[in-house]
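Student: Any chance you can model this:
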Amino acid sequence: MMTATDEDVDMKDVDIKLESNQETEQKILTPEEQKEKEKQDWIRQLRLKFCIRPEYEITKNMIFPDGTLNQDYFRPPKGAKVEEARKWTEVEKELLIQGIEKYGIGNFGEVSKALLPAWSTNDLRIKCIRLIGRQNLQLYRGWKGNADDIAREYNRNKELGLKYGTWKQGVLVYDDDGLVEKEILAQDAAAKGEDVDMN
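Tutor: Residues are numbered from 1 along each chain as shown. Here you go, the predicted structure:
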């Protein structure tokens, strides 16, 4: 029969064995593992130094005393409203086309207020880039057009992009030599009946 002191001694032996096993395991780290361990130690030290700021009460629970992150701190609070994922559908596309026809490119605030309130002006600008097929919308500022006009501009931009190798991810981007911009300006001038120097 074991007494309480015998059990305490046995538990101390177990603790000592565990500690010595942990020390042995720590000594057998590969160079990559050692480098990773040093990196994690450095990160923990930086967290201890910079994460907890006395002037901001909320930061006291950001990390644990050993410098590891408190994952619960970064989770959304219970009862937080989860924002519904929005989908860009043909309906939204048609509304954007209506907005371009009525307000013109660049007036995305008005389009957002009047037709697509769930979408920010930046969201609409990016959707317009995809719709018209050109990354830089500066030359389109104020331009108004219907679905056919937009399709025509998209095809024109795609043709230019393929010609100069600047059709990237479905939009025309400018090249470093300025050839695309010169071609666009020349085409625009020709459409207006102006004479443009291509050099």
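Student: all strands of the chain, in order?
Tutor: 167-168, 171-172 (DSSP state E).
Student: how distant is stretch 93-112 from the center of its chain?
Tutor: Distance of stretch 93-112 from its chain centroid, counting by C-alpha atoms, centre = their mean, to the nearest Å, is 25 Å.
Student: Quote the end-to-end distance of that stretch.
Tutor: From its first residue to its last, stretch 93-112 covers 12 Å (C-alpha to C-alpha, to the nearest Å).
Student: pLDDT value on residue 189, please?
Tutor: pLDDT for residue 189: 88.
Student: Can you report how many residues lie near it?
Tutor: Residues contacting residue 189 under the criterion other C-beta atoms under 10 Å number 13. Bear in mind the C-beta positions are built from the backbone N, C-alpha and C, glycine included.
Student: Over to residue 116: give its phi and psi.
Tutor: Note on residue 116: its backbone torsions stand at phi -130, psi 70 [degrees, to the nearest 10].
Student: distance of the closest residue to it other than its chain neighbours from residue 127?
Tutor: Nearest residue to residue 116, sequence neighbours excluded (C-beta to C-beta, 6 or more residues apart in numbering): residue 95, at 5.5 Å. For residue 95, the distance to residue 127 (C-beta to C-beta, to the nearest Å) stands at 10 Å.
Student: Now for residue 37: which residues touch it?
Tutor: For residue 37, the contact set (C-beta atoms under 8 Å, 6 or more residues apart in numbering) comprises residue 29.
Student: got it, and the one 10 residues further on?
Tutor: Residue 47 sits next to 63, 67, 68, 69 when contact means C-beta under 8 Å, 6+ apart.
Student: Switch those residues over to JSON lines; also include distance to residue 109.
Tutor: Formatted as JSON lines, the contacts of residue 47 follow (distance: C-beta to C-beta, whole Å):
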{"residue": "63", "distance to residue 109": "41"}
{"residue": "67", "distance to residue 109": "46"}
{"residue": "68", "distance to residue 109": "45"}
{"residue": "69", "distance to residue 109": "40"}
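Student: Identify, from those residues, the entry nearest to residue 83.
Tutor: The closest of those to residue 83 turns out to be residue 69 (C-beta to C-beta; 24.4 Å).
Student: Residue 27 versus residue 33, what's the distance?
Tutor: 11 Å.
Student: Neighbour count for these two, which is higher?
Tutor: residue 33 (11 against 7).
Student: which one of the strands of the chain lies closest to residue 118?
Tutor: Among these, strand 171-172 sits nearest to residue 118 (C-beta to C-beta), with 23.6 Å.
Student: Could you say which of the strands of the chain is packed most deeply?
Tutor: strand 171-172 (a mean of 22; mean count of other C-beta atoms under 10 Å).
Student: Residues in contact with it: which ones?
Tutor: Contacts of strand 171-172 (C-beta under 8 Å, 6+ apart): 129, 130, 133, 134, 135, 157, 158, 160, 161, 166, 180.
Student: Among those, which lie within helices?
Tutor: Judged by DSSP state H, the subset of the contacts of strand 171-172 located in helices is 129, 130, 157, 158, 160, 161, 180.
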